[in-house]
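Asker: no sequence for this one, just the structure:
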């Protein structure tokens with residue numbers, strides 16, 4: 001791929017992830033039979049992200065992008081993987097590999113700060129937009145991924161904004177053992193790894209800030225507040241769920257994380273993989289952002305059905321990738337155990353072969 005095209009892709013990526021309407025919400029769910037899931041949404045209000053379904057075979061050669069072109073770190077896929085891209089196929093945003101490693105990038109506005117690119121270290125450099133693909137095709141566990149990342153530099157490939165900030169993300173890395181960590185990079189390359197004991201994830205601020213913020217909602221719980229008498233006045237609940245009065249309902253990352261935390265903590269433990277996948281999609285229904293909600297009156301709204309462009313669930317116990325899109329709410333399933341990653345070709349597929357397909361009609 002020539003330098004001009006690679007820089008065009010970099011510009012597109014930066015445009016996509018730096019737009020103020022970018023938002024993502026992630027959750028984790030464990031079933032009683034041992035099944036472990038990681039799920040997430042991806043939003044962008046600025047237009048269609050042109051996401052694709054990506055099949056990555058073993059043995060495929062990869063050359064990372066740098067600001068100079070496609071001249072960065074070279075690696076060959078050790079593991080096969082399935083995921084979804086944004087903007088262009090090289091930039092896989094979320095996925096799972098055949099060993100059960102799940103990785104996703106979530107926008108990290110105004111906080112993330114990567115190591116500046118050094119041309120002398122090009123062969124050790126992987127761009128932030130390619131890091132999900134790099135980890136999925138190179139490592140089997142969280143521990144392997146963290147050790148492997150020590151050998152490379154994670155760099156930006158776009159241009160900084162007027163304040164000198166590069167658009168970048170932070171990463172959720174999880175494996176079949178149930179371990180899940182957050183990788184955040186600040187202060188021009190300072191790396192931080194946090195165990196994700198919250199089992200939820202969104203965007204800025206930093207993960208420790210979100211952990212501390214949950215203390216503001218210590219009074220919330222599931223259920224209905226019992227009737228009570230105050231003086232001569234009898235008080236009662238108007239409906240169920242009154243113990244969650246005060247749960248933040250806006251679209252900001254802190255509020256979404258608080259909601260995701262309480263929804264997942266209050267949900268019953270599903271019995272098996274089917275129930276867990278169903279529960280994950282139902283919980284994430286609460287984060288399906290109507291396209292107009294992020295626009296001020298009079299602003300031009302893109303011709304899309306939703307700002308939540310797709311929702312994905314990765315089963316890391318029985319490596320499987322599930323997804324649905326803003327055009328089609330039917331859940332699609334890709335069972336990685338049924339793919340021969342030695343012989344399958346590198347595939348870039350439409351997530352919706354017929355995005356404007358008519359509704360299924362029942363006749364009697």
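Answerer: Done, it's in. Bear in mind that the values here come from a model prediction, so they are computed numbers and not experimental data.
Asker: residues contacting the closest residue to residue 255 other than its chain neighbours?
Answerer: Nearest non-adjacent residue to residue 255, counting by Cβ to Cβ, 6 or more residues apart in numbering: residue 248, 3.6 Å away. Bear in mind the C-beta positions are built from the backbone N, C-alpha and C, glycine included. Residues in contact with residue 248 (Cβ atoms under 8 Å, 6 or more residues apart in numbering) are 217, 254, 255, 258, 259.
Asker: point out where this structure drops to low pLDDT.
Answerer: Along the chain, segments meeting pLDDT under 70 span 1-21, 164, 355-363.
Asker: coming back round to it: pick out whichever of the contacts of residue 248 sits closest to residue 150.
Answerer: When the contacts of residue 248 are ranked by distance to residue 150 (Cβ to Cβ), residue 254 comes first, at 30.8 Å.
Asker: what about that closest one, neighbour count?
Answerer: Other residues within reach of residue 254 by the criterion other Cβ atoms under 10 Å amount to 18.
Asker: thought residue 210 was touching it, still the case?
Answerer: Yes. Residue 254 sits in contact with residue 210 when judged by Cβ atoms under 8 Å, with a separation of 6.6 Å.
Asker: which residues do these two both contact?
Answerer: With Cβ under 8 Å, 6+ apart as the test, residue 254 and residue 210 both reach residue 202.
Asker: list the residues that contact the spatially most distant residue from the centre of the chain.
Answerer: Here the centre of the chain is the reference, and by Cα atoms, centre = their mean the most remote residue is residue 232, at 51.8 Å. If you count contacts by Cβ under 8 Å, 6+ apart, residue 232 has none.
Asker: tell me where the longest strand sits in this structure.
Answerer: When the chain is parsed with DSSP state E, its longest strand is strand 88-97.
Asker: what is the strand or helix carrying residue 85 packed up against?
Answerer: Using DSSP states H and E, residue 85 falls within strand 81-86. When contacts are defined as 3 or more Cβ pairs under 8 Å, 6 or more residues apart in numbering; DSSP states H and E, strand 81-86 packs onto helix 3-18, strand 52-56, strand 88-97, helix 131-138, strand 320-325.
Asker: tilt between that strand and helix 131-138?
Answerer: 170 degrees (axes from the mean of the first three to the mean of the last three Cα atoms, to 10 degrees).
Asker: can you list contacts of strand 81-86?
Answerer: With Cβ under 8 Å, 6+ apart, strand 81-86 has contacts from 13, 16-17, 42, 44, 49-56, 91-98, 132-133, 136-137, 310, 312, 321, 323, 334, 336, 339, 348, 351.
Asker: which stretches of the stretch 201-350 of the chain form strands?
Answerer: Under the criterion DSSP state E, counting those that start in this stretch, the stretch 201-350 of the chain contains strands at 228-230, 233-235, 308-315, 320-325, 332-335, 347-350.
Asker: any chance of the contacts of residue 248 in TSV, plus distance to residue 104?
Answerer: Shown next, in TSV, are these (distance: Cβ to Cβ, whole Å):
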residue	distance to residue 104
217	25
254	19
255	20
258	20
259	19
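Asker: list only buried entries from the residues you listed.
Answerer: 217, 254, 258, 259 (16 or more other Cβ atoms under 10 Å).
Asker: among those, which lie within helices?
Answerer: Mapping these onto helices (DSSP state H) picks out 254, 258, 259.
Asker: quick check: closest non-adjacent residue to residue 82.
Answerer: Using Cβ to Cβ, 6+ apart, the nearest residue to residue 82 is residue 321, at 4.5 Å.
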